[in-house]
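In: Make a model of this:
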Amino acid sequence: MIKPNEPLPEIREREAPPEIAAIYDDIRRCAALPQVNLIFRHLATRPPILEWVWQSLRPIYLSKNLAEAATELSRSVPVVAPSPLPDRLDATERMECRTVLGAYNSGNPQNLIALTAFAQALDGASRSSASELLPRTDATGQTIAQAAPFPPIPRRDDLSTEVARALDRLASRHRVVAGVIPSLYVHLVLWPQLLEPVDAFLGVCCETCDWTSAVDDVIATAAATARDLAPHLALSPPPGIDETETQAMAETIRTFINTTIPEMVIVGRWLAWDDAAA
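Out: Model (predicted):
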């Protein structure tokens, strides 16, 4: 369970013990990503839960269905203003930042749909389906996953007080839970000149659109897609995990799919830019 006003516990990729590192490697490979997103890094603090959740989700991450649905979900988000990022970065920085942003814009929609399917399955979604899972052939995702070097996310403990406050301001714009700083914002610390413009940009965007309705639309779209995928999960009784812990894990996942992840699907889409237009 997520505790208010406390940093979300996680196991960073570079600090993962061998058994967690092996699962992280599989997540990156199956999702065609260069990094493991925060929800999985948090679940890794309880290795049996991470293993159970990931093995349940793995079949749909290997499918073309999820990859295409994630792309469509991201593209369904209306762009309300040009991204402020490219004009504040030199050519090398733009390439690096675009790679980082691309990883989040691939990972967040996938995770939102997949974890929504998992929550639906826990709630007893139908196990019958006429749909078929097709093997994933995600050339774009593979390009993202193989991009080198991919800069590691900064450690929050290493941030200055000024930068930490800037991150808190960014997080406070959303209905994300206390203690959770979306990882995309932490990654943008690599280019500190971006934090203030991003904050101002999001303020304008949130005033331009109905933020609550935009988030609800993303959640609803993900839920509709997830219903087709939930029957394909390899869901089994959680081994060695008691009912209390299972319920706490399910509550955490529901918090992420109803706040943090859909909001960052939108933010990632807004911050993205076209090289030809940059």
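
In: Can you tell me how far residue 183 is from residue 105?
Out: 13 Å (C-beta to C-beta, to the nearest Å). All C-beta atoms are positioned from the backbone trio N, CA, C, and that covers glycine.

In: Show me where the protein has its helices.
Out: Taking DSSP state H as the criterion, the chain carries its helices at 18-31, 38-43, 47-61, 64-75, 91-122, 139-146, 161-172, 183-188, 195-208, 211-229, 243-255, 261-271.

In: list the contacts for the closest residue to residue 63 other than its chain neighbours?
Out: Leaving aside its chain neighbours, residue 63 sits nearest to residue 133 (4.2 Å; criterion: C-beta to C-beta, 6 or more residues apart in numbering). The neighbourhood of residue 133, defined by C-beta atoms under 8 Å, 6 or more residues apart in numbering, consists of 59-60, 62-65, 232.

In: Would you indicate which residues of stretch 95-102 are buried?
Out: In terms of neighbour count (16 or more other C-beta atoms under 10 Å), stretch 95-102 has its buried residues at 96-102.

In: same thing with stretch 204-216?
Out: Neighbour-count burial for stretch 204-216, counted by 16+ other C-beta under 10 Å, picks out 205-206, 209, 211, 214-215.

In: Looking at these, which is nearest residue 112?
Out: Nearest to residue 112 out of those is residue 215 (C-beta to C-beta; 11.0 Å).

In: Quick check: that closest one touching residue 260?
Out: No. Using C-beta atoms under 8 Å, residue 215 is not in contact with residue 260, being 10.4 Å away.

In: Now the residue nearest to residue 63: phi and psi?
Out: phi -80, psi 130 (degrees, to the nearest 10).

In: Poorly predicted segments of the stretch 1-150 of the chain, please.
Out: Applying pLDDT under 70 to the stretch 1-150 of the chain picks out residues 1-6, 125-130, 138-148.

In: switch the cut-off to 90
Out: For the stretch 1-150 of the chain, the stretches flagged by pLDDT under 90 are 1-8, 122-150.

In: if I pick residue 151, what's in contact with it?
Out: 96, 100, 187, 190.

In: Surely the last one touches residue 154?
Out: Yes. Applying C-beta under 8 Å as the test, residue 190 and residue 154 come out as touching, 6.6 Å apart.

In: which among the buried residues of stretch 204-216 gets closest to residue 76?
Out: Closest to residue 76, out of all of the buried residues of stretch 204-216 and judged by C-beta to C-beta, is residue 214, at 10.3 Å.

In: what residues are up against residue 88?
Out: Residue 88 sits next to 191, 193-194, 197 when contact means C-beta under 8 Å, 6+ apart.

In: Can you flag the buried ones in those?
Out: The neighbour-count criterion (16+ other C-beta under 10 Å) marks 191, 194 among the contacts of residue 88 as buried.

In: Throw the contacts of residue 88 into JSON lines and include pLDDT and distance to residue 40, thanks.
Out: Formatted as JSON lines, the contacts of residue 88 follow (pLDDT from 0 to 100; distance: C-beta to C-beta, whole Å):
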{"residue": "191", "pLDDT": "97", "distance to residue 40": "25"}
{"residue": "193", "pLDDT": "96", "distance to residue 40": "30"}
{"residue": "194", "pLDDT": "97", "distance to residue 40": "25"}
{"residue": "197", "pLDDT": "96", "distance to residue 40": "30"}
